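Asker: sequence first, predicted model second:
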Amino acid sequence: MTKRGYTAIAIALVLITAAIILAVFSKRLFSDNKGKALTILESNQKIVINGIAETVNNGKLIEKYYELFGYTSVWSNSSSENKKNRTLLISLIGCSDLLGLDSKEYHRNYLLLYDSLVQLKNFDGSESETENELIFTDAALSFLYDAAYGKTIKQFSYEGVKYHIDTIRIINLLNRYLSDKSPQSILDSIEPHNAQYFKLKQKLNLLNASINQPGFSEAKIIADDAGSRVAAINKLKAYDLLSQQLNADSVSSIEFKSALISFQKMISADSTGVLDAPTSEELNVAISKRISEIKESLNYWRWTNRLQEKEFILVNTSSARLRVISFDSLRDLSMKVIVG
């Protein structure tokens, strides 16, 4: 064999040895980081990074995730892949408001801060990599869990209800999310699919858009008072019962009456088309309170995904209506119910 041949073999052996050492080192490093992560979770304490304290919401879910897929750094370094993961997660958490969830509960401020810091030239987050991975993973799993099964409703204590929460499904969704990079398809696969849920989402987004309109205000509305007409029109516009493009002065009496009737039907009041006391009382309810009510209703719908029974009767006590829920479909029965 020539000298050049021996040199080639020597170089190959060096590269193979280096690859083996790197593989062993990486395995040990990831093993050490996983051990550190589990220790942090077991301590059940807040994670503090650079003076910022974050509380882990779903430690047990994170543990299951690492048990199933192992520990790898998917959020923390400046690689293009991790940057893409962070960007998509921030985008996913940004959908919270559209679902009636609070993005702050999913570490959104921390995610944004870290994502900006990691792009700085001299930033070194290696010392807190494990803690950072925990926060990002917790944000993703907690959001997916709440979007699929709703937040816990403490006042529900009837023990006859059987629950079925598939945590493995949530864990697999996160793994799929990291592979597919498609936030919308993930949401579509876990949200309820009945018409009432989508209507509530549309109403929520409509009201959020209304209160963010320049110059939006809520003046007190007095029954049978012509001076309250403008304030009533502004509220009806917020509920999308009158076009946002209309000026109060250009709304005809017929349009105003029609909008009032639509609102009265919405609140299950007598459809008089008159700005009477019950109607003005409901119109005076702050839009922010209506938004809170819709968010609560959306959470109730997501909560029904926890039920083991996929066919059940749902009674709305406030509107005294009975509905049959069956595999993400909804049907109104032609009957009134007495509740109380």
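Answerer: Right, received. Where do you want to start?
Asker: show me where this structure has its strands.
Answerer: Ranges of strands in the chain, per DSSP state E, are 47-49, 52-54, 311-316, 321-326, 329-336.
Asker: and those strands as CSV, adding mean neighbour count, mean pLDDT and distance to Lys201?
Answerer: To be clear about C-beta, it is placed using only N, CA and C from the backbone, and glycine gets the same treatment. Below are the strands of the chain laid out as CSV (neighbours: other Cβ atoms under 10 Å; pLDDT from 0 to 100; distance: least, Cβ to Cβ, whole Å):
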stretch, mean neighbour count, mean pLDDT, distance to Lys201
strand 47-49, 16, 80, 33
strand 52-54, 14, 86, 29
strand 311-316, 12, 74, 17
strand 321-326, 16, 74, 17
strand 329-336, 10, 62, 14
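Asker: so which of these is nearest Glu218?
Answerer: Among these, the nearest to Glu218 by Cβ to Cβ is strand 311-316 (26.5 Å).
Asker: select, out of the strands of the chain, the one closest to Ser185.
Answerer: strand 329-336 (21.3 Å).
Asker: still on that earlier bit, make JSON lines from the strands of the chain and add distance to Asp97 to it.
Answerer: Formatted as JSON lines, the strands of the chain follow (distance: least, Cβ to Cβ, whole Å):
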{"stretch": "strand 47-49", "distance to Asp97": "25"}
{"stretch": "strand 52-54", "distance to Asp97": "20"}
{"stretch": "strand 311-316", "distance to Asp97": "25"}
{"stretch": "strand 321-326", "distance to Asp97": "26"}
{"stretch": "strand 329-336", "distance to Asp97": "24"}
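Asker: among the ones you listed, which is nearest Lys83?
Answerer: Closest approach to Lys83 among those is made by strand 47-49 (18.7 Å; Cβ to Cβ).
Asker: who does that closest one pair with, and is each partner parallel or antiparallel?
Answerer: strand 52-54 (antiparallel) (DSSP bridges).
Asker: quick one: the helices in the stretch 151-300 of the chain, in order.
Answerer: Secondary structure of the stretch 151-300 of the chain (DSSP state H, counting those that start in this stretch): helices at 167-180, 183-190, 195-211, 229-238, 253-266, 277-283, 287-303.
Asker: now do the fifth one against helix 195-211, angle only.
Answerer: Helix 253-266 and helix 195-211 meet at an angle of 130 degrees, taking axes from the mean of the first three to the mean of the last three Cα atoms, to 10 degrees as the criterion.
Asker: what's in contact with helix 253-266?
Answerer: For helix 253-266, contacts defined as Cβ atoms under 8 Å, 6 or more residues apart in numbering pick out 229, 232-233, 236, 239, 241-242, 246, 270-275, 279, 282-283.
Asker: can you flag the buried ones in those residues?
Answerer: Neighbour-count burial (16 or more other Cβ atoms under 10 Å) is assigned, among these, to 229, 232-233, 236, 239, 241-242, 273, 275, 279, 282-283.
Asker: which one of those sits closest to His193?
Answerer: Nearest to His193 among the buried ones among the contacts of helix 253-266, counting by Cβ to Cβ, is Tyr239 at 24.9 Å.
Asker: per-residue pLDDT, that closest one?
Answerer: Tyr239 carries a pLDDT score of 92 in this model.
Asker: pLDDT wise, what is Asp276 at?
Answerer: pLDDT for Asp276: 94.
Asker: cool, and the one 4 residues further on?
Answerer: In this model, Ser280 is scored at 95, pLDDT.
Asker: likewise Ile20?
Answerer: Looking at Ile20, the pLDDT reads 44.
Asker: equivalent analysis for the one 5 residues further on, please.
Answerer: The predicted local distance difference test score for Phe25 is 36.
Asker: OK, contacts around Leu134?
Answerer: Listed by Cβ under 8 Å, 6+ apart, the contact partners of Leu134 are 37, 40-41, 47, 56, 62.
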